[in-house]
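>>> turn this into a model:
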Amino acid sequence: MGLLKALFGRQSKSKTSESSILSTILRIENQNSLDNGKTVILEGCSALLLNTTDHPFFEDIDSSLENSAKNLVILNSKLSGSKSEAFNSCWILFKNTFKDKMVDDINSFSTHMADLGLADNMTAAIFKSLIGDHITYWICNYRTSKFYPMVPIGNGSRDNDLELEFGEMSAALGVPTEPHENWYSLSDIPF
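All right, here's what the predicted structure looks like:
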């Protein structure tokens, strides 16, 4: 049974196998964006976004992450966490220069969270990239198993034209891509 099916109890609508959904983001690495010819460079940082509840995991994030890391057989990424009281959310940050290892760690950690009974708390996996001088976030919505780009430009605004261009690029590379009307903004990404 695939991770996303285990988490949400339904088959992904994507043609990509459930176990490799997050790995598809690696396809954008070193690609040229469509119009500006800038190369996509995935950064060595990503995050898992969770909605907080009164579950003990969220009481002391640092201790919970330390205990979780001990329970995972192999974890290659450096973990850290932060809570956003304003949005009732928690960010689990992954840092690793080996992007494929980082994706594997997010998959392992997501499975661990599901085992703790927190599957419904997982909202998205977020990956940071640079495309020229544009910081771009690639957000994998855990409910739909699809990605979309977000290009913040300050003051809570986004560059919609670049997002559309980058969305077309990711779809052309076979990355499962959300329909544009589902490209929601995240305002408190901590990296």
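>>> would you tell me which strand is longest in this structure?
In the chain, taking DSSP state E as the definition, the longest strand is strand 40-51.
>>> just checking, what packs against the next helix-or-strand element following it?
For strand 40-51, the following helix or strand on the C-terminal side (DSSP states H and E) is helix 61-71. With contacts taken as 3 or more Cβ pairs under 8 Å, 6 or more residues apart in numbering; DSSP states H and E, helix 61-71 sits against strand 78-84, helix 99-115. Yep, even glycine has a C-beta here, placed from its N, CA and C like the rest.
>>> let me see the mean pLDDT of helix 61-71.
Mean pLDDT, helix 61-71: 89.
>>> for stretch 113-120, same thing?
Stretch 113-120 comes out at a mean pLDDT of 94.
>>> span of that stretch from start to end?
End-to-end distance of stretch 113-120 (Cα to Cα, to the nearest Å): 9 Å.
>>> okay, buried residues for that stretch please.
The neighbour-count check on stretch 113-120 (16 or more other Cβ atoms under 10 Å) flags 113, 114, 118, 119 as buried.
>>> distance from it to the middle of the chain?
Relative to its chain's centre, stretch 113-120 lies at 17 Å (Cα atoms, centre = their mean, to the nearest Å).
>>> residue 159 contacts residue 150, correct?
No. If you go by Cβ atoms under 8 Å, residue 159 and residue 150 don't touch, sitting 9.3 Å apart.
>>> what residues of stretch 123-138 count as buried?
For stretch 123-138, by 16+ other Cβ under 10 Å, it's 123, 124, 125, 126, 127, 128, 129, 131, 134, 136, 137, 138.
>>> would you turn those into CSV with pLDDT, secondary structure and distance to residue 20?
Converted to CSV, the buried residues of stretch 123-138 look like this (pLDDT from 0 to 100; DSSP: H, G, I helix; E, B strand; the rest coil; distance: Cβ to Cβ, whole Å):
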residue, pLDDT, secondary structure, distance to residue 20
123, 95, strand, 20
124, 96, strand, 17
125, 97, strand, 13
126, 97, strand, 18
127, 97, strand, 15
128, 97, strand, 20
129, 96, strand, 19
131, 87, strand, 23
134, 88, strand, 27
136, 95, strand, 22
137, 97, strand, 20
138, 97, strand, 15
